[in-house]
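**Q** My questions concern the predicted model and sequence given below.
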Amino acid sequence: MRKFIATLIVFSIITFPSTVKAEFFGGRLTGTFYCPCSNSIMLFIQDYKSGSLLKLMYGPGSNLIVGSPYGLYQLGSYSGGGICLIPASHGCNSIKSDGLIGGGSPGFGTS
């Protein structure tokens, strides 16, 4: 029985990502910007909780639960990471973002 419980605990830690570093938001999408070098989209969301404009990245690692990244109202989580890379004369330059939208549990959804 102890072996079963230990296996269950280890499996749940590996399978389900931690939300300790996740931030939560909810607000209206006010704009988008395509980042060609990183093949991702920067979403500008007016967060109702903080009252500030969040620059969140939608791309590899984003966990979209329902809707599309272009939905008018956004709700979910974001975590560190997510880079917007745009073409420059010698390679690509980065634009700072607030994090990766839906980068962990529970993800995000739109309406």
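**A** Sure, I can see it. Numbering: from 1, shown residues only.
**Q** pLDDT (mean, whole number) over the host helix or strand of G109?
**A** Per DSSP states H and E: G109 is located in strand 108-110. Average pLDDT, strand 108-110: 88.
**Q** where does this protein have low pLDDT?
**A** The model of the chain has pLDDT under 70 over residues 1-20, 104.
**Q** Which stretches in it count as helices?
**A** 2-15 (DSSP state H).
**Q** Which strand runs longest in it?
**A** strand 23-35 (DSSP state E).
**Q** Can you name every helix or strand that it contacts?
**A** Packing partners of strand 23-35 (3 or more Cβ pairs under 8 Å, 6 or more residues apart in numbering; DSSP states H and E): strand 40-47, strand 53-58, strand 73-79, strand 84-88. The way it works is simple: take the backbone N, C-alpha and C, and place the C-beta from them, glycine included.
**Q** go again using 7 Å as the cut-off
**A** Here strand 23-35 touches strand 40-47, strand 73-79, strand 84-88, going by 3 or more Cβ pairs under 7 Å, 6 or more residues apart in numbering; DSSP states H and E.
**Q** can you give me how far the shortest one is from the chain middle?
**A** Right, the one you point to is strand 84-88. 19 Å (Cα atoms, centre = their mean, to the nearest Å).
**Q** next one: the second one
**A** Centroid separation between strand 73-79 and its chain, computed with Cα atoms, centre = their mean, is 7 Å.
**Q** which residues are in contact with it?
**A** The contact list for strand 73-79, computed with Cβ atoms under 7 Å, 6 or more residues apart in numbering, reads 19, 21-29, 45, 56, 98-104, 106-111.
**Q** do that again at 6 Å, thanks
**A** 21-24, 26, 28-29, 45, 56, 99-104, 107-111 (Cβ atoms under 6 Å, 6 or more residues apart in numbering).
**Q** what does the first one give?
**A** The contact list for strand 40-47, computed with Cβ under 6 Å, 6+ apart, reads 25, 27-34, 53-59, 74, 84.
**Q** Check the offset of that strand from the chain's centre.
**A** With Cα atoms, centre = their mean, you get 10 Å for strand 40-47.
**Q** Between strand 53-58 and the longest strand of the chain, find me the angle.
**A** Orientation of strand 23-35 against strand 53-58 (axes from the mean of the first three to the mean of the last three Cα atoms, to 10 degrees) gives an angle of 70 degrees.
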